[in-house]
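*Asks:* Provide a 3D model corresponding to the input given below.
(one chain, ligands or ions: 1)
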Amino acid sequence: MGTDCNKCADAHRMLCELLDSGTTPQRAAEIREAIAACPECFSRYENELAARTIVQDCCGSAHAPDRLRDSIIASITTVSVSEVRYRG
Ligand SMILES: [Zn+2]
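*Replies:* Got it, this is the predicted structure:
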């Protein structure tokens, strides 16, 4: 909340473009810079990237090393566990 980043509204479109294998390296670098300048965009990027890594793995075309994939999955698990922690 409260960020003035006008790219946030476009963040998902940029992510799709960035993760599209048809995007040029120059355009991808531009998008990465825009994302890195905004914590909110960067957070969306990380989530999208993690989700796609898992989806790609299902299709057998993942390039992420096993250790990286494990740490992504572990961090997702940690987040969801802490979000649903029972407050008894
Ligand atoms: Zn943003």
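*Asks:* tally of neighbours for Arg44?
*Replies:* For Arg44, the neighbour count with other Cβ atoms under 10 Å is 17. Quick note: C-beta positions are derived from backbone N, CA and C, even for glycine.
*Asks:* I meant to write His12 there.
*Replies:* Other residues close to His12 by other Cβ under 10 Å number 13.
*Asks:* what's the closest non-adjacent residue to it?
*Replies:* Nearest residue to His12, sequence neighbours excluded (Cβ to Cβ, 6 or more residues apart in numbering): Arg44, at 7.0 Å.
*Asks:* ok, the one you found to Asp70 distance?
*Replies:* When distance is defined by Cβ to Cβ, to the nearest Å, Arg44 is 22 Å away from Asp70.
*Asks:* repeat that for Phe42.
*Replies:* Where Asp70 is concerned, Phe42 sits at a distance of 22 Å (Cβ to Cβ).
*Asks:* the more surrounded of these two?
*Replies:* Neighbour comparison, Phe42 and Asp70: the larger count goes to Phe42, with 15 against 11 (by other Cβ under 10 Å).
*Asks:* those residues of this protein touching the ion, which are they?
*Replies:* Proximity of the chain to the ion (Cβ under 5 Å from the ion) is limited to residues 5, 7-8, 38, 40-41.
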